[in-house]
Every structure is written in C-alpha cells, then in structure tokens.
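1. One predicted model, sequence on top.
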Amino acid sequence: MVKTREFDIQNYLTDPESIIYFLNAALEANDAHFFTQALGEVAKSEGMTKLAQRSGIPRESLYQILSGKGNPRLDTLMRVLDNLGFSLSLRPLEENEEETSKDHKNKEGIVYKEPTYA
C-alpha cells in the first residue's frame, strides 16, 4: 500500500515570490471566490492572528471573508493584501486573452460564451 501525505499549499508559500506566483495564478482563474480562498491560504501561512492585529479586522471575520464563501468588498481585500505586504496591479490583456476572457464557466463546469453586441 502506498502511503501519501495530505497536500498543504502553506508549506510552499514560504517567500514573497512564491506567494505572488500563487496569487497571480488564482487571479488568472477569473473567479473571485477562488482568489479569496487563495488569499486565505496566504493569510494562514503568515498567521491569521497576526494579520487580524495588523489589519484591525477580527480574526473570525478574516476566516469568513477569506474562506472563498464570503463576498468581501474590494477595500477589505486591499486592506488584507496591504497588511500582508502586497498590492494589486493591472495590465492590459494580451490579444489572445481578450477572446478567452469572454468565456465563462458556471458552477457545473460548463463553458459558455459571453454575448457580443453590435
């Protein structure tokens, strides 16, 4: 019988470069809940209690906000990112990304195209 260990992403979020790579990959999924869940993993790796003290957001609220089930406001996400030592930035879409950005996946995993209007 093969023995396996449970995968824990927090073991790999050990430096700013790996955290940036992880959060950028989560952003590229274009799913707000997925991103907040990824941000929650980063927050746990840094210490949720410490983040709560620095940000002024109660620890229990942070767990809820960053669970992927909450729907945090942008200013809350920016406050969390700031207290983790990061910020958001924008870049223009590449030409081939513009086409795929109009594709969406529903909860059942079915991809559909966003309608285009003339």
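-> Looks like it arrived, so ask away. Residues are numbered from 1 along each chain as shown.
2. which residues in the protein form strands?
-> Using DSSP state E, the strands found in the chain span residues 103-105, 111-113.
3. Comparing these by mean pLDDT, which bottoms out?
-> Among those, strand 111-113 carries the lowest mean pLDDT, at a mean of 55.
4. Helices of the protein, start to end?
-> In the chain, the helices defined using DSSP state H lie at 16-28, 32-46, 48-55, 59-65, 74-84, 95-100.
5. Pick the most buried one from those helices.
-> Of these, the one with the most neighbours on average (mean count of other Cβ atoms under 10 Å) is helix 32-46, at a mean of 19. Heads up, the C-betas are built off the backbone N, CA and C, glycines and all.
6. among the helices of the chain, which is nearest F7?
-> Closest to F7 of the helices of the chain is helix 32-46 (Cβ to Cβ; 11.5 Å).
7. if we look at the closest one, which residues are touching it?
-> 9-10, 13-14, 19, 22-23, 25-27, 29, 51, 62-63, 65-72, 77, 80-81, 84 (Cβ atoms under 8 Å, 6 or more residues apart in numbering).
8. tell me the angle of that helix relative to helix 16-28?
-> If you take axes from the mean of the first three to the mean of the last three Cα atoms, to 10 degrees, helix 32-46 sits at 160 degrees to helix 16-28.
9. what inclination does helix 32-46 have with respect to helix 48-55?
-> Using the same axes, to 10 degrees, helix 32-46 lies at 100 degrees relative to helix 48-55.
10. Kindly format the C-alpha coordinates of helix 32-46 as CSV.
-> Listed next in CSV are the C-alpha coordinates belonging to helix 32-46 (Å, rounded to 0.1, in the frame of the first residue of the first chain):
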residue,chain,number,x,y,z
ALA,A,32,-13.4,36.0,-7.2
HIS,A,33,-14.2,33.2,-4.7
PHE,A,34,-11.2,31.2,-5.8
PHE,A,35,-9.0,34.2,-5.4
THR,A,36,-10.3,35.0,-1.9
GLN,A,37,-9.8,31.4,-0.9
ALA,A,38,-6.2,31.5,-2.2
LEU,A,39,-5.6,34.8,-0.3
GLY,A,40,-6.9,33.0,2.8
GLU,A,41,-4.3,30.3,2.4
VAL,A,42,-1.6,33.0,2.2
ALA,A,43,-3.1,34.7,5.3
LYS,A,44,-3.0,31.4,7.2
SER,A,45,0.6,30.8,6.2
GLU,A,46,1.5,34.3,7.5
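11. Cheers, nothing more for now.
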